[in-house]
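*Asks:* how does the following fold in three dimensions:
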Amino acid sequence: MLTLDDVHDVLIKIDEVTLLEILDISAEEIVERFADLIETRYERLAKDLAADRRLLCLFDEENTNE
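*Replies:* Okay, here's the model as predicted:
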């Protein structure tokens, strides 16, 4: 059986998405846990998310018309 330190070492080497799935961590939990970081980076995040939202809307329109 692996020790706790062994488990930590293995988890550190896993890609982030897989790690979140393994640990069963939701987007809501991430946002709540890192609210201070989100606040610190608010201006950049708001700008990037607005641009991403416009792209997603265009993508959704293209897929709806098919």
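
*Asks:* any stretches of this protein with poor pLDDT?
*Replies:* For the chain, the stretches with pLDDT under 70 are 58-66.

*Asks:* spatially central residue in it, please.
*Replies:* The residue lying closest to the centre of the chain (CA atoms, centre = their mean) is Ala27, at 6.2 Å.

*Asks:* now do the phi/psi pair for that one.
*Replies:* Note on Ala27: its backbone torsions stand at phi -60, psi -40 [degrees, to the nearest 10].

*Asks:* quick one, helices of the protein?
*Replies:* Remark: helices assigned in the chain by DSSP state H are 4-12, 16-23, 27-33, 35-40, 42-64.

*Asks:* and the contacts of the second one?
*Replies:* Right, the one you point to is helix 16-23. Under the contact criterion CB atoms under 8 Å, 6 or more residues apart in numbering, helix 16-23 has outside partners Leu11, Ile14, Ile30. For glycine as for every other residue, the C-beta is placed from the backbone atoms N, C-alpha and C.

*Asks:* with distance to Arg54 and neighbour count as extra columns, can I get these in JSON lines?
*Replies:* Shown next, in JSON lines, are the contacts of helix 16-23 (distance: CB to CB, whole Å; neighbours: other CB atoms under 10 Å):
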{"residue": "Leu11", "distance to Arg54": "36", "neighbour count": "12"}
{"residue": "Ile14", "distance to Arg54": "33", "neighbour count": "13"}
{"residue": "Ile30", "distance to Arg54": "23", "neighbour count": "12"}
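
*Asks:* distance to Ala46 added to those, as a markdown table?
*Replies:* Conversion of the contacts of helix 16-23 to a markdown table gives the following (distance: CB to CB, whole Å):
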| residue | distance to Ala46 |
| --- | --- |
| Leu11 | 32 |
| Ile14 | 31 |
| Ile30 | 17 |
